[in-house]
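Peer 1: I need the structure of the sequence given here:
(2 chains)
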Amino acid sequence: MIHSPYIRKPTSVQRVMLNVLLALTPGIAAYVWQIGAGILVNLLIATITAAAAEALVLRLRNRPVKLAVSDLSAVLTGWLVALAFPPIAPWWLTVLAVLVAIIAVKHLYGGLGQNPFNPAMVAFCAMIVAYPSLMSQWPPAGGLDFGTQLQLILGGARDLDAITSATALDALRTGLRAGAGSVEAIRQTGTFGMLGGRGWEWIGLGYLLGGAFLLARRVITWHMPVAFIITLALVSAALWAFDPARFAPPWFHLASGGAMLAAFFIITDPVTGATTPRGKLIFGAGVALLAYLIRNFGAFPEGIAFAVLLMNICVPLIDMKTQPPVFGQRGGRAP
Amino acid sequence: MIKRLFNFQGGIKPDSHKNESAGVPIRPAPLPARLTVPLRQNARSVARCIVEPGQHVLKGQRIGEAQDFLGTAVHAPSSGTVIEIADHPMAHASGLTTRCIVIETDGDDRAVPMAPFDYANTDRLTTLGYLRDCGVVGMGGAAFPSHVKLGSGTGIDTLVLNGAECEPWITCDDRLMRERADAILRGAKILRELIGARHTLAGIEDNKPEAIAAMQEAAKGIDPAIQIVPVPTRYPAGGEKQLIRVLTGIEIPQGKLGSAYGVQCFNVGTAHAVYRAITFGEPVLSRVVTLTGNVEHPGNFDTLIGTHVDALLPLAAPQADTDRYILGGPMMGLALTDLSVPIAKGSNCIIASSPALFPPAPPERPCIRCTACASACPAGLQPFELYWYSRSRNFGKAQEYKLFDCIECGSCAFVCPSHIPLVDYYRYAKSEIWARERDTKASSEARERFEFRNYRQEREKAEKAARLAAKAAETKAKMAQEGSAPENADDAKKALIAAAMERARQQKAAAPAVTGNDTPVPDPTAALPVKPTEDAAASTTPPDQHAQPR
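Peer 2: Numbering: from 1, shown residues only, chains lettered A, B, ... in the order given. Down below sits the predicted model:
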């Protein structure tokens, strides 16, 4: 029997995913401009692998293949993996990571909407643990031409120290541990730009633009990005004020690593994030806090991926404890 | 004075599609050859039939009597002959039939004498009884008896008049306000006096400027204190509790009535009906029905209660590709499976639907927890949580997440990018919970009956033994006293036996009156779930919702 409502807003999962993919393009454009076109190759590899893996698993699970692949959720996962990885990561590393994300993290838990952990972030963590050196070789801004990047991706010789460098977070961390002076002194080297890593700041700005687009299209709500950015700024400002020689200023943390990608595209993954308004604030703040702690006191230069997974675990509890009041429970005449 | 408005959380803005039918004045629908008047006017009450097949009835003659608290009277909408009193399908999601009086009209439309009712010189209760006997119920859709709503009121501060009409396509209240604003506001004045309210606020969605203007104009002449308030167009602003919130800022929790918060809300159509009943002595015989959608001539028709939908449809000339008809609006309406169902007092609109107009929903996809539904929910719920729990039959959890605060407005399903028919899941969960509570109730009643029967049998046995012993002792004593101590034991025995037989005979004669009086009989009509609608929203709690296992 068919029941009301008989009308629906023209929207779909596909449209939501398409909006997110669109919102990533300013960041990708900045990426190509600042770092090189190698990222496009990685994005292509990730897209093909994600779609193929999704189709394969759906077929094995006897689910409608075309309908599910066309919802673009797997493609989005692939893109996020590619964007989180070094743009000169060898092709097989990207393929492996995407397979982990789609098959193990998404479909072993039941497919779209069912996975408790962010697929791209699990893939990132698995790879950084399994291939730490490959995961920490990044090209400097404008330092590698497309041919070299392509060669590295397709498996050319990796005499890397000559041509690659560490990320700004990595450089700062290594520098501080090696006793190379204060934060300010280390940030004078060529790896660093005005705010974060040289060149990478622009990419962050691109993601910020894309995030504004998502907010305007109401694909995401303001809660998570705002909570994430404010918390990261506050906690880094506090420690920076406490000891500016040992702790980087807040703008550095916001402009470095995956902060902007995470704020608008990673933590806002609806499936694995908190869902209540207060829960979203807690989730965003929690990721920021954990990421900051890992960046400064943990074993890895970038902590966002681990922070996201840790907060993913807390989501059921957060949601349960932050149920908003229903109509009539708020009482009073508040507007 | 500019009225300060409040906001309700959530809500959606579907295309309103009011222009199709709002342009043409209300026309009377022609007298049909046959009227099927349902005795059931709401989910919890059925009127008692007081006519017989073959009897001739006049227009306005009472043919059904209110027989319980939520009952209202039923009248013959036109003159004719009662040809049948039988079960007939009704426009209800359950598809159940209900007792109806079928009248073959004679075309004369001859009416019983009707006289104005002098409510100003009558005590309140009598007036309420009069409205009940005029069959006045909520005309917004829920058909809740108005005299019950009016009866609950002392200490009512504000009368809210609901002219929001937030469902797309429906324009019957819009036309009524444009054309009969005077009658509506005079009715509102009567309502206000009956509940003793000091303020009257009429909320009308701002997509009906003509209706707002007409009402404001009429208010000037009748009572400038009546405030006509344009409210932002946002579905479901016409839900009773949503409108009260917008106009007064008061949020009435689920399960509570407006009267407890000093507010009482009536649909504009109800005010109109009250006015007709008091001023002309005319019971509710007809209502305005919007015919729209995939039709050549959309419009509004003054339709006699009991007119069959299929007799009404030709007036609007449905187009050839019409595949079904929706009674009510597209958000909360019901797709009719049987077009012979009668128009009831709460039937406000029939929409002809075609695949082009209301395309079938795309295939259901998994929930991605995007919380679009939570942003749209006017009840402040987390609809996707209710969906997960309903789907997994975890009904306890669903109730914990306030399943019964859901007014089934459909906003969540409207915005869902995964095209999940969310409301269907809630309806399913609610009906399962009601069924379980009924089962629990029935079994606990059966257990109580059984235990009481055991107790009664034990008690009777004990009483009988005591009586016998007393009797025997008495007989013995009597004999001893008479001095005729039995010559032999046989005589004494015979006397006892004769006395016992006499008692048994007496008991047998009294027996039928004793049995079967200690079994509470559950009300079978309580099984029908209420369909919450625009007017009443959640004010009518479904029947067994509060039934607790005892």
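Peer 1: I'd guess residue B:104 is in a helix, am I close?
Peer 2: No. Assignment of residue B:104 by DSSP: H, G, I helix; E, B strand; the rest coil gives strand, placing it outside any helix.
Peer 1: Which positions in the stretch 401-550 of chain B make contact with chain A?
Peer 2: When proximity is defined as Cβ under 8 Å from any Cβ of the partner chain, the stretch 401-550 of chain B approaches chain A at B:401-402, B:405, B:408, B:410, B:413-419, B:421, B:423-424, B:427. Any C-beta I mention is one placed from the backbone N, CA and C, and that applies to glycine too.
Peer 1: Which of these fall in helices?
Peer 2: When those are checked against helices (DSSP state H), the matches are B:413, B:414, B:415, B:423, B:424, B:427.
Peer 1: Now do the fourth one, the pLDDT please.
Peer 2: Looking at residue B:423, its pLDDT stands at 94.
Peer 1: Pull the contacting residues for it.
Peer 2: Neighbouring residues of residue B:423 by Cβ atoms under 8 Å, 6 or more residues apart in numbering or on different chains: A:3, A:4, A:5, B:406, B:408, B:410, B:412, B:413.
Peer 1: Who wins on neighbours among these?
Peer 2: The most neighbours of any of these, using other Cβ atoms under 10 Å in any protein chain shown, belong to residue B:412, which has 32 neighbours.
Peer 1: Isn't that residue up against residue B:379?
Peer 2: No. Under the criterion of Cβ atoms under 8 Å, residue B:412 is not in contact with residue B:379, lying 9.7 Å apart.
Peer 1: Count residues in the vicinity of the residue of chain A found nearest chain B, would you?
Peer 2: Closest contact between chain A and chain B, by Cβ to the nearest Cβ, is at residue A:328 (3.0 Å). Other residues within reach of residue A:328, judged by other Cβ under 10 Å, total 21.
Peer 1: Which residue comes closest to residue 194 once chain neighbours are left out?
Peer 2: As the question left the chain open, I've gone with chain A. The shortest distance from residue A:194 to any non-neighbouring residue, by Cβ to Cβ, 6 or more residues apart in numbering or on different chains, is to residue A:201 (6.7 Å).
Peer 1: oops, chain B please
Peer 2: Counting by Cβ to Cβ, 6+ apart, residue B:150 is the residue found nearest to residue B:194 once chain neighbours are left out, at 5.0 Å.
Peer 1: Spell out which residues sit in contact with the one you found, please.
Peer 2: Listed by Cβ under 8 Å, 6+ apart, the contact partners of residue B:150 are B:128, B:131, B:191, B:194, B:195, B:264.
Peer 1: if we go to 10 Å?
Peer 2: Contacts of residue B:150 were listed using Cβ atoms under 10 Å, 6 or more residues apart in numbering or on different chains, and they are B:124, B:127-128, B:131-132, B:136, B:156, B:190-191, B:194-195, B:259, B:264, B:266, B:274.
Peer 1: Repeat that for residue B:297.
Peer 2: For residue B:297, the residues meeting the contact criterion (Cβ under 10 Å, 6+ apart) are B:21, B:24, B:27, B:291, B:314, B:315, B:316, B:317, B:318.
Peer 1: Repeat the analysis, applying 6 Å as the threshold.
Peer 2: B:316, B:317 (Cβ atoms under 6 Å, 6 or more residues apart in numbering or on different chains).
Peer 1: so residue B:140 makes contact with residue B:266?
Peer 2: No. Residue B:140 lies out of contact with residue B:266 (Cβ atoms under 6 Å); the separation is 8.3 Å.
Peer 1: thinking again about what came up before, need phi/psi at the residue of chain A closest to chain B.
Peer 2: Note on residue A:328: backbone dihedrals following degrees, to the nearest 10 are phi 100, psi -10.
Peer 1: Please name the nearest non-neighbouring residue to it.
Peer 2: Spatial nearest neighbour of residue A:328, excluding adjacent residues (Cβ to Cβ, 6+ apart): residue B:253 at 3.0 Å.
Peer 1: and that neighbour, helix, strand or coil?
Peer 2: When classified by three-state DSSP, residue B:253 comes out as coil.
Peer 1: can you tell me how far it sits from residue B:291?
Peer 2: Remark: distance between residue B:253 and residue B:291 (Cβ to Cβ, to the nearest Å) = 37 Å.
Peer 1: Which residue of those two possesses the greater neighbour count?
Peer 2: Neighbours around residue B:253 and residue B:291, counted as other Cβ under 10 Å, are more numerous at residue B:291. The numbers are 28 against 16.
Peer 1: Can you find the helix or strand of the chain with the lowest average pLDDT?
Peer 2: Because you didn't say which chain, this covers chain A. Of all the helices and strands that make up chain A, the one with the lowest confidence by mean pLDDT, DSSP states H and E is helix A:183-186; it has a mean of 74.
Peer 1: Not quite, go with chain B.
Peer 2: For chain B, counting by mean pLDDT, DSSP H and E, strand B:40-42 ranks last in confidence among helices and strands (a mean of 76).
Peer 1: partners of that one, with directions?
Peer 2: Strand B:40-42 sits in its sheet next to strand B:45-46 (antiparallel), going by DSSP bridges.
Peer 1: now the partner strand, how far from the centre of its chain.
Peer 2: A distance of 9 Å separates the C-alpha centroid of strand B:45-46 from that of its chain, computed with Cα atoms, centre = their mean, to the nearest Å.
Peer 1: swap in stretch B:327-334?
Peer 2: Counting by Cα atoms, centre = their mean, stretch B:327-334 is centred 16 Å from the centre of its parent chain.
Peer 1: Outside of that stretch itself, list whatever touches it.
Peer 2: Stretch B:327-334 has contacts (Cβ under 6 Å, 6+ apart) with A:4-7, B:91, B:93, B:167-170, B:326, B:336, B:347, B:349-350, B:410.
Peer 1: any idea which of those is closest to residue A:241?
Peer 2: Looking at those and their distance to residue A:241, the nearest is residue B:410, at 52.4 Å (Cβ to Cβ).
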